[in-house]
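Trainee: quick check, what structure comes out for this input:
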Amino acid sequence: MAEDSVYDVLCERLGHPNSARLKSVLEKLLPGDEALIAAMLPKEAGEIATELGITENDVSEKIKWLYMKGAVVSATKGNFFPRGVHQIRNASAASPKTDDILMPELADLWEEFFQAEWYSSLVHGAEKRYEATGKPGSRVTPAWLALEGKDDISPAEDVKAWIEKAEKIAVSLCPCRRQSKGRCDHMVDTCVQFNKAAEYVVAREAGHYLSKEEAWEHYKKMEEDGLIHLSGYDANFVSQCNCCTDCCQSFYPLISFGKLKEGMQKSR
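Mentor: Numbers count the residues shown, from 1 in each chain. So this is what the prediction gives:
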């Protein structure tokens, strides 16, 4: 695969063929043969090395680096290029590991792509889902401090119950507020992961573990800062955004396009 065409291949895999803006993002994130290696996954390092004419050790080290940058997902079945924009943006923009070599340029490139292309496609997807199911794709979970003292809180609405249930909890930086750079002044260490997702961000050195007591104190700080708990409908979700309406990749475009009802369920 020629290096000058590999970025087009990766853009197509991410669902945005012929996107010059996304191509610029990937050129920054995956320079040189890093893009070729990412495109050849999930082939084994030895097979990739043979095809590219470099050593297996070099390929393995670059795959590890791509993993740390958030450009490769490592699973029990091997290493893979991310399945969509959401996955690769969140991982790459949240990691402080690459600040010195990628930021702020990478954040600017992501912002340009989001504003010109991705936000509109996200809203369109939310509209289609709402038309098909009558239900928004995400929901707001109430601030626990607003419920304190109330009886019979559903476990799906109870932040404290999530914390108590989790075996591992970690927190990482918010990619949305890092990308938007200054649209608001809310706290940034607000993406919370549970269990395997917590292990993932810690392994990539993109976040750190919290004890249950630390997690609860952190949730209180986020609520006092005015952030909104954003969840899906699966009671076993593995991560939670704590969002603002100025930067969040869910709230911001839905509000901008006047489609909040179609994409976001109010707190119950």
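
Trainee: what helix or strand is the spatially most central residue of the chain on?
Mentor: Closest to where the C-alpha atoms of the chain average out (Cα atoms, centre = their mean) is Asn90, at 2.6 Å. Asn90 is located in helix 85-94, with elements delineated by DSSP states H and E.

Trainee: how far off centre is that helix?
Mentor: 4 Å (Cα atoms, centre = their mean, to the nearest Å).

Trainee: alpha carbons of it, as CSV, please.
Mentor: C-alpha atoms of helix 85-94 as CSV (Å, rounded to 0.1, in the frame of the first residue of the first chain):
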residue,chain,number,x,y,z
VAL,A,85,-13.9,8.7,14.7
HIS,A,86,-15.4,8.8,18.3
GLN,A,87,-12.9,6.1,19.4
ILE,A,88,-9.7,7.4,17.9
ARG,A,89,-10.5,11.1,18.7
ASN,A,90,-11.3,10.4,22.3
ALA,A,91,-8.2,8.3,22.9
SER,A,92,-5.8,10.5,21.1
ALA,A,93,-7.0,13.9,22.4
ALA,A,94,-7.3,12.7,26.0
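
Trainee: show me what counts as buried in it.
Mentor: By 16 or more other Cβ atoms under 10 Å, the buried positions in helix 85-94 come out as 85, 88-94. Heads up, the C-betas are built off the backbone N, CA and C, glycines and all.

Trainee: how far away is the closest residue to the residue nearest to the centre of the chain other than its chain neighbours from Ala91?
Mentor: Once flanking residues are discounted, Asn90 sits nearest to Pro175: 4.8 Å by Cβ to Cβ, 6 or more residues apart in numbering. Here Pro175 is placed at a distance of 8 Å from Ala91 (Cβ to Cβ, to the nearest Å).

Trainee: same check, this time on Lys165
Mentor: 25 Å.

Trainee: how about Tyr209?
Mentor: 18 Å.

Trainee: likewise for Leu66?
Mentor: For Leu66, the distance to Ala91 (Cβ to Cβ) stands at 10 Å.

Trainee: now Glu157
Mentor: Distance of Glu157 to Ala91, given as Cβ to Cβ: 28 Å.

Trainee: run the chain-centre distance for stretch 116-135.
Mentor: Counting by Cα atoms, centre = their mean, stretch 116-135 comes out at 18 Å from the chain centroid.

Trainee: next: stretch 255-266.
Mentor: Put simply, stretch 255-266 sits 20 Å off its chain's centre (Cα atoms, centre = their mean).

Trainee: all further residue positions should be reported with the first residue as 451.
Mentor: Sure, I'll start numbering at 451, so the last one becomes stretch 705-716.

Trainee: next, the buried residues of it.
Mentor: 705, 707, 709-710, 712-715.

Trainee: as a markdown table, those with distance to Glu581, pLDDT and secondary structure would be great.
Mentor: Output for those, formatted as a markdown table (distance: Cβ to Cβ, whole Å; pLDDT from 0 to 100; DSSP: H, G, I helix; E, B strand; the rest coil):
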| residue | distance to Glu581 | pLDDT | secondary structure |
| --- | --- | --- | --- |
| Ile705 | 19 | 95 | helix |
| Phe707 | 15 | 95 | coil |
| Lys709 | 12 | 95 | coil |
| Leu710 | 16 | 94 | helix |
| Glu712 | 8 | 93 | helix |
| Gly713 | 12 | 92 | helix |
| Met714 | 15 | 91 | strand |
| Gln715 | 15 | 89 | strand |
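
Trainee: pick the one among those residues closest to Arg471.
Mentor: Closest approach between the buried residues of stretch 705-716 and Arg471, by Cβ to Cβ: Phe707, at 18.6 Å.

Trainee: ok, for that closest one, nearest residue in space, not its chain neighbours?
Mentor: Leaving out its chain neighbours, Phe707 is closest to Val573 (Cβ to Cβ, 6+ apart), at 4.5 Å.

Trainee: check contacts around Cys641.
Mentor: By Cβ atoms under 8 Å, 6 or more residues apart in numbering, the contact set of Cys641 is 540, 544, 621-625, 651, 657, 689-692.

Trainee: again, but for Ser700
Mentor: 572, 588, 680, 691, 693, 713-714.

Trainee: right, I'll leave it there.
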